[in-house]
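sequence and predicted structure, then a few things I'm wondering about:
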Amino acid sequence: MYADRLNRIAPFRVMELMERAKALEADGHTLVHFEVGEPDFPTAPSILAAGHRALDEGHTKYTQALGIPALRRRIAAYYEAEIGVEVDPQRVIVTSGASGGLLLLSALLLNPGDELLMADPGYPCNEVFVGLVNGVPVRLPVTAARGFQLQPEQIAARWSAVSKGVLLASPANPTGVVMKAAVLDGLIDITHRLGGVVVLDEIYQGLTYGATAEYRSGLALNDDLFVLNSFSKYFGMTGWRLGWMVVPEHAREGIARLAQNLFISPSSIAQHAALAAFEPEAMADHEARRMRFASRRDRLLAGLRQLGFAIPVVPAGAFYLYVDIGHTGMDANTFCWRLINEFQVAVTPGVDFGSHEAERYVRFAYTTSEASIELGLERISLALQTWGVA
């Protein structure tokens, strides 16, 4: 009755865990949420005010398919002022969330049967967007020993006559890894030499910690990229469903045709609100929240290690810890379900993000308050004691 592609789309286990968490909360339990990859902070007040003004001023009609010119210019100015990269506003495409951008790029770049190479573990919905246009997602394992980063030799070894390109992410979900400039440059170089395209997911751009960031965007290393970004993470606008892309000039007309037909336009209200996201008042809020995330990372990292968990790669970005639970003697799915059912702590199993060593890892999102992190660590400590884990 339904299309065969539906059979290739696995359920998102984190959503099942979230449903269980809601049921427990409805029964009066206090849940600790480490499963949700969404900032817990509200959208910055100045952005909310801009959204209200957009409504009051009647900005409720369709906009240009590629986004309002003022926002495209503002995003280009952000690249120049904050990142040191000059970007033509005509190459900036405003999208209905980064997910809308991924769908547009999949439709633009992939014919049926074309392969897109990507990391395992990685964001699981990437495979779905590729599959929707009858492309073939190819997962390449990344290991802790190599910093959870794809290597140029992996691309070269797996490349085939039907390989079309590589999807990279920095900072990455679920590992929080920020690619070293030399590694990213090498991946771009080998892919281009093989005749492929590079799609670079930078939706956690801005959420980096410490002195580990060698660059602010892949566009600083190479201009011939398809770069995805979002207002959801650093800018705290998840529910506004707004993102953007920077694409090569030759791709603009094709993207425009697809956007006109698939989406008509991004949300007019969200676009006018997003103009305020780059203003000094909002940027100060974003930076203060980034520092809060850094503090939370450090506390959760130290606390989990004290409880015997291995975190082989300290994340330099995003808001996740990819945690080795091998010492518990459980697989990831069992660990996560026992933890939520018995101790009301929700974390996400590694099997949501791929298959390589996925039963050994879980993802913790530190998108919750400092008090909630402390409560979560207390409950996990009690769980390990109860389960007899040394």
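Noted; the coordinates are in hand.

in three-state terms, label residue 229 for me.
Three-state assignment for residue 229 (DSSP: H, G, I helix; E, B strand; the rest coil): strand.

list the contacts of residue 123.
Contacts for residue 123 (Cβ atoms under 8 Å, 6 or more residues apart in numbering) come out as 169, 173-174, 201, 353. Every C-beta, even on glycine, is put in place using the N, C-alpha and C of the backbone.

which of the residues you listed fall in helices?
Counting by DSSP state H, no part of those is found in helices.

dump those residues to CSV, plus neighbour count and pLDDT.
Below are these laid out as CSV (neighbours: other Cβ atoms under 10 Å; pLDDT from 0 to 100):
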residue, neighbour count, pLDDT
169, 26, 98
173, 25, 97
174, 27, 97
201, 26, 98
353, 27, 95
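
so which of the residues you listed comes closest to residue 291?
residue 173 (20.7 Å; Cβ to Cβ).

wait, the closest one sits on residue 37?
Yes. Assessed by Cβ atoms under 8 Å, residue 173 is found in contact with residue 37 at 6.6 Å.

returning to what we had before: can I get the contacts of residue 123 in a markdown table including distance to residue 116?
Compiled in a markdown table, the contacts of residue 123 are given as follows (distance: Cβ to Cβ, whole Å):
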| residue | distance to residue 116 |
| --- | --- |
| 169 | 13 |
| 173 | 17 |
| 174 | 19 |
| 201 | 12 |
| 353 | 17 |
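
before we move on, back to that, give me the common contacts of residue 173 and residue 37.
Common contacts of residue 173 and residue 37 (Cβ under 8 Å, 6+ apart): residue 320.

only the buried residues of whatever helix or strand residue 281 lives in, if you could.
Using DSSP states H and E, residue 281 maps to helix 280-306. Neighbour-count burial for helix 280-306, with 16 or more other Cβ atoms under 10 Å as criterion, is recorded at 282-283, 285-286, 289-290, 292-294, 296-297, 300-301, 303-304.

next secondary structure after that helix?
Next along the chain from helix 280-306, counting by DSSP H and E, comes strand 320-324.

what is the rounded mean pLDDT of that following strand?
Regarding strand 320-324, the rounded mean pLDDT is 98.

got the angle for that strand vs helix 280-306?
10 degrees (axes from the mean of the first three to the mean of the last three Cα atoms, to 10 degrees).

how far off centre is strand 320-324?
15 Å (Cα atoms, centre = their mean, to the nearest Å).

buried sites along whatever helix or strand comes next after that strand?
Note on strand 320-324: by DSSP H and E, the next helix or strand toward the C-terminus is helix 332-343. For helix 332-343, burial by neighbour count (16+ other Cβ under 10 Å) applies to 332-333, 335-340, 343.

now swap in stretch 362-372 and tell me
So, applying 16+ other Cβ under 10 Å, buried residues of stretch 362-372: 362-368, 372.

what about that stretch, start to end distance?
Across stretch 362-372, the terminal residues are separated by 18 Å (Cα to Cα, to the nearest Å).

excluding residues flanking it in the chain, which one is nearest residue 336?
Counting by Cβ to Cβ, 6 or more residues apart in numbering, residue 349 is the residue found nearest to residue 336 once chain neighbours are left out, at 4.7 Å.

quick one, strands of this protein?
Counting by DSSP state E, the chain has strands at residues 32-33, 92-95, 115-120, 136-141, 163-169, 197-201, 226-230, 243-246, 320-324, 345-346, 348-349, 361-365.

redo the ones you listed as CSV? Include distance to residue 19.
CSV is the format used below for these (distance: least, Cβ to Cβ, whole Å):
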stretch, distance to residue 19
strand 32-33, 13
strand 92-95, 28
strand 115-120, 26
strand 136-141, 26
strand 163-169, 27
strand 197-201, 27
strand 226-230, 25
strand 243-246, 26
strand 320-324, 21
strand 345-346, 11
strand 348-349, 13
strand 361-365, 17
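
for those strands, which one sits closest to residue 207?
Closest among the strands of the chain, using Cβ to Cβ: strand 320-324, at 10.1 Å.

what angle sits between that closest one and helix 332-343?
Using the same axes, to 10 degrees, strand 320-324 lies at 110 degrees relative to helix 332-343.

same for strand 320-324, what does it pack against?
helix 280-306, strand 361-365 (3 or more Cβ pairs under 8 Å, 6 or more residues apart in numbering; DSSP states H and E).

give me that answer again for 6 Å
Other helices and strands packing on strand 320-324, by 3 or more Cβ pairs under 6 Å, 6 or more residues apart in numbering; DSSP states H and E, are strand 361-365.

next, the angle from the strand it packs on to strand 320-324.
Here strand 361-365 runs at 150 degrees with respect to strand 320-324, directions being taken by the same axes, to 10 degrees.

direction included, what does strand 361-365 pair against?
Its sheet considered, strand 361-365 pairs with strand 320-324 (antiparallel), strand 348-349 (antiparallel) by DSSP bridges.

adding distance to residue 18 and pLDDT, write the buried residues of stretch 362-372 out as JSON lines.
Shown next, in JSON lines, are those (distance: Cβ to Cβ, whole Å; pLDDT from 0 to 100):
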{"residue": "362", "distance to residue 18": "15", "pLDDT": "98"}
{"residue": "363", "distance to residue 18": "13", "pLDDT": "98"}
{"residue": "364", "distance to residue 18": "15", "pLDDT": "98"}
{"residue": "365", "distance to residue 18": "12", "pLDDT": "98"}
{"residue": "366", "distance to residue 18": "17", "pLDDT": "98"}
{"residue": "367", "distance to residue 18": "13", "pLDDT": "97"}
{"residue": "368", "distance to residue 18": "13", "pLDDT": "96"}
{"residue": "372", "distance to residue 18": "15", "pLDDT": "97"}
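
okay, now the unreliable bits of the chain?
211-213, 390 (pLDDT under 70).

residue 241 contacts residue 98, doesn't it?
No. In this structure, residue 241 is not within contact of residue 98 by Cβ atoms under 6 Å, at 9.4 Å.
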